[in-house]
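Novice: Got a predicted model here, sequence first, then my questions.
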Amino acid sequence: MSSLSAPVVVALGSNLSGPAQQVARAFAALRDISGTSGWRCSSVYRTPPWGLGGQPDFANAVALGSCVLSPLALLAALQGIERSMGRVRTAERNGPRLIDLDLIVFGTRQIEINDLTLPHARATARATSFWHLVGRWIRQHNGRTGLSFSSSGTPCRKSTGARSRRGEMMAGSVRIVPAKFENPSGSEPPMYAESRELRSTPLNVLDLSRMKADRQPIVALTAYEASTAALMDIAKVDVILIGDSLGMVVQGHRSTLPVTVDHILYHCQAVARGSSRALRIADMPFASCPDPQTAYRNAARLIAEGSTAMVKIEGAGVMLPVIEYLVARDIPVCGHVGLTPQSVLKTGGFKLQGRTDPAAEQVRADARAVQAAGAAMLVLECVPASLGAQVTSESQVPVIGIGAGVDCDGQILVLHDILGIATRRRPKFVHNFLEGQGSIQGAINAYCEAVRTRAFPDTEHSY
């Protein structure tokens, strides 16, 4: 943290229109405020409304970051996010909120003017147990923020040596002591069913290899922009693929072939603004790998400018030297065998692969060759479930299936497919997880749960 920056704490809350989703959207926007950095978000918790009765419970979270702006400039940025998300401020106090962003702590500043009080005056009305959980989370980042916490979990600046009693604000320290939360059972406020804690650092290839070794299913989805990527972080999606499938589901093409490196890069940058937990993979689109040197230049852009951790390359054969070249230059590669959509002109369409014994052996050989070339992960698409199980058991790297049966190390689907957005004939391996869930977050959660319990894909969605 710069010596000119200050640790800041921002409270996020909503009790309208999918509250946990609104909190996730707001956190994604928070990370994009110029002059701030290092944002981390707590879990999202359900808390009772304060003041006006007869309204839904709130989804509340707290974000911690550092800031070189003035307190008023940061406040203006927070209010700008509220406006952009559709909040209209009224004279009514303590009513329902589409989104509410409160600046709680700004370093050691103590301010009381018309528009801003620091530390936030109404924070003292927050639930003690909620702040205890928040404090426990922020303590994990204590070394990089300079904030510490009272025994009740409330935030304060590290002591300068002056003695302080609980409930007091001393020179050189900032302390928020919330009032008691009327909770007869004394239990902690429940975490929102739609949210999970956001990991502070992204998963990496070693994490996925450990998951394979432990037979812990890996959950993967495609994403193309920040808001849904943030929802995936809440659901603890393990891998996000910024796929050339965007050509079909976003751009409206009949295949992935028109997608360019610049298209992929644009969407990688958008996803990176909303994702902090998942390992992000960028597709190398059609014709982006004509030779190893060109492939390296394109892949390096997607890694360096797109904030991704890996690139995905379809096929084996002539692509093997490309994979070797990239891996030798420290660019991690995910292979892709079975059905390879970029080969649609050669194969005559999107068809099941590995039907016959010779065809199945070719898929197995491709998988072995891609791994031998250095691929650290493998996507296996549209093959019989028995072949998917065989390739997975033979592979030393994680195998992520899409239409390849339940025995793969993980599963991936296109986001639009799990939401039932059908712009084309729906493949057999696709299931609409939005049905009965009522929200995009609910659909993503349902998909994650089905993959992690190996309830999906079932026989109905396998070949």
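Specialist: It's in.
Novice: List the buried residues of the host helix or strand of residue 297.
Specialist: Residue 297 is part of helix 292-304 when elements are defined by DSSP states H and E. For helix 292-304, the neighbour count (16 or more other C-beta atoms under 10 Å) marks 292, 295, 296, 298, 299, 301, 302, 303 as buried. C-betas here are computed from N, CA, C, even on glycine.
Novice: Which other helices and strands does that helix contact?
Specialist: helix 261-274, strand 279-283, strand 310-314, helix 320-328 (3 or more C-beta pairs under 8 Å, 6 or more residues apart in numbering; DSSP states H and E).
Novice: Please repeat the previous calculation with a cut-off of 7 Å.
Specialist: Applying 3 or more C-beta pairs under 7 Å, 6 or more residues apart in numbering; DSSP states H and E, one finds that helix 292-304 contacts helix 261-274, helix 320-328.
Novice: For residue 416, find the nearest of these.
Specialist: Closest to residue 416 of these, according to C-beta to C-beta: helix 261-274, at 13.5 Å.
Novice: In stretch 204-221, which residues are buried?
Specialist: 205, 208, 209, 211, 212, 217, 218, 219, 220, 221.
Novice: Double-check that the last one belongs to a strand.
Specialist: Yes: counting by DSSP: H, G, I helix; E, B strand; the rest coil, residue 221 is located in a strand.
Novice: How many residues are close by residue 249?
Specialist: Residues near residue 249, counting by other C-beta atoms under 10 Å, number 20.
Novice: Okay, now the unreliable bits of the chain?
Specialist: Residue ranges of the chain with pLDDT under 70: 1-3, 50-54, 90-94, 114, 121-200, 348-349, 423.
Novice: What ranges does the stretch 1-150 of the chain have for its helices?
Specialist: Applying DSSP state H, counting those that start in this stretch to the stretch 1-150 of the chain gives helices spanning 19-30, 71-84, 128-139, 142-145.
Novice: contacts for the top helix by length along the chain?
Specialist: As assigned by DSSP state H, the longest helix anywhere in the chain is helix 357-372. With contact meaning C-beta atoms under 7 Å, 6 or more residues apart in numbering, helix 357-372 is reached by 316, 320, 323, 335, 337-338, 353-354, 378, 383, 387, 390-391, 394-397.
Novice: Quick one: distance of the helix holding residue 297 to the chain centre.
Specialist: 24 Å (C-alpha atoms, centre = their mean, to the nearest Å).
Novice: got it, and stretch 215-226?
Specialist: 9 Å.
Novice: Also stretch 87-107?
Specialist: With C-alpha atoms, centre = their mean, you get 25 Å for stretch 87-107.
Novice: so how far is the first residue of it from its last?
Specialist: When the termini of stretch 87-107 are compared using C-alpha to C-alpha, to the nearest Å, they are 27 Å apart.
Novice: returning to that earlier point: any chance of the buried residues of stretch 204-221 in CSV, plus distance to residue 87?
Specialist: CSV is the format used below for those (distance: C-beta to C-beta, whole Å):
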residue, distance to residue 87
205, 41
208, 39
209, 44
211, 39
212, 44
217, 38
218, 37
219, 32
220, 34
221, 29
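Novice: Could you chop the protein up by domain?
Specialist: 6-157, 205-461 (automatic domain parsing).
Novice: quick one on the thing from earlier: between the helices and strands packed on helix 292-304, which gets nearest to residue 282?
Specialist: helix 261-274 (5.2 Å).
Novice: What residues sit buried inside that closest one?
Specialist: 261, 263-274.
Novice: which one among those residues gets closest to residue 307?
Specialist: For the buried residues of helix 261-274, the nearest to residue 307 is residue 272 (3.8 Å; C-beta to C-beta).
Novice: Could you confirm residue 379 falls within a helix?
Specialist: No: assessed with three-state DSSP, residue 379 is strand; it does not lie in a helix.
Novice: so it bridges to which residues?
Specialist: Counting by DSSP bridges, residue 379 forms beta bridges with residue 336, residue 400.
Novice: what's the distance between it and residue 421?
Specialist: Distance of residue 379 to residue 421, computed by C-beta to C-beta, to the nearest Å: 21 Å.
Novice: Looking at those two, which is more packed in?
Specialist: residue 379 (30 against 12).
Novice: how about the helices and strands packed on helix 292-304 in a markdown table, adding distance to residue 45?
Specialist: Converted to a markdown table, these look like this (distance: least, C-beta to C-beta, whole Å):
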| stretch | distance to residue 45 |
| --- | --- |
| helix 261-274 | 21 |
| helix 320-328 | 43 |
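Novice: Among the ones you listed, which comes closest to residue 88?
Specialist: The nearest among those, by C-beta to C-beta, is helix 261-274 at 24.5 Å.
Novice: Give me the helices and strands touching that closest one, please.
Specialist: So helix 261-274, by 3+ C-beta pairs under 7 Å, 6+ apart, packs with helix 226-234, strand 239-242, strand 279-283, helix 292-304.
Novice: Using CSV, lay out the ones you listed together with distance to residue 20.
Specialist: Below are the helices and strands packed on helix 261-274 laid out as CSV (distance: least, C-beta to C-beta, whole Å):
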stretch, distance to residue 20
helix 226-234, 7
strand 239-242, 19
strand 279-283, 22
helix 292-304, 31
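Novice: Quick one: closest of the ones you listed to residue 57.
Specialist: helix 226-234 (17.1 Å).
Novice: So which bits of that closest one are buried?
Specialist: Those would be 226, 227, 228, 229, 230, 231, 232, 233, 234, for helix 226-234 by 16+ other C-beta under 10 Å.
Novice: between those residues, which is closest to residue 56?
Specialist: residue 234 (18.6 Å).
Novice: With residue 327 as the reference, measure out to that closest one.
Specialist: For residue 234 relative to residue 327 (C-beta to C-beta), the value is 33 Å.
Novice: Buried by neighbour count: which residues of the longest helix of the chain qualify?
Specialist: 360, 362, 363, 364, 366, 367, 368, 369, 370, 371.
Novice: tilt between it and helix 320-328?
Specialist: Here helix 357-372 runs at an angle of 30 degrees relative to helix 320-328 (axes from the mean of the first three to the mean of the last three C-alpha atoms, to 10 degrees).
Novice: Run the chain-centre distance for helix 357-372.
Specialist: 32 Å.
Novice: Could you list which residues are in contact with residue 311?
Specialist: 281, 282, 284, 299, 302, 331, 333 are the contacts of residue 311 under C-beta under 7 Å, 6+ apart.
Novice: sorry, back to before: ok, residues contacting the helix holding residue 297?
Specialist: Under C-beta under 7 Å, 6+ apart, the answer for helix 292-304 is 261, 264-265, 268, 282, 284, 288-289, 308, 311, 321-322, 325-326, 329, 331.
Novice: Just flag the most distant two among those.
Specialist: 268 and 321 (24.7 Å).
Novice: how about the nearest residue to residue 363 once chain neighbours are set aside, secondary structure?
Specialist: Sequence neighbours aside, residue 354 is the residue nearest to residue 363 in space, at 4.5 Å (criterion: C-beta to C-beta, 6 or more residues apart in numbering). Of the three states, residue 354 takes coil under three-state DSSP.
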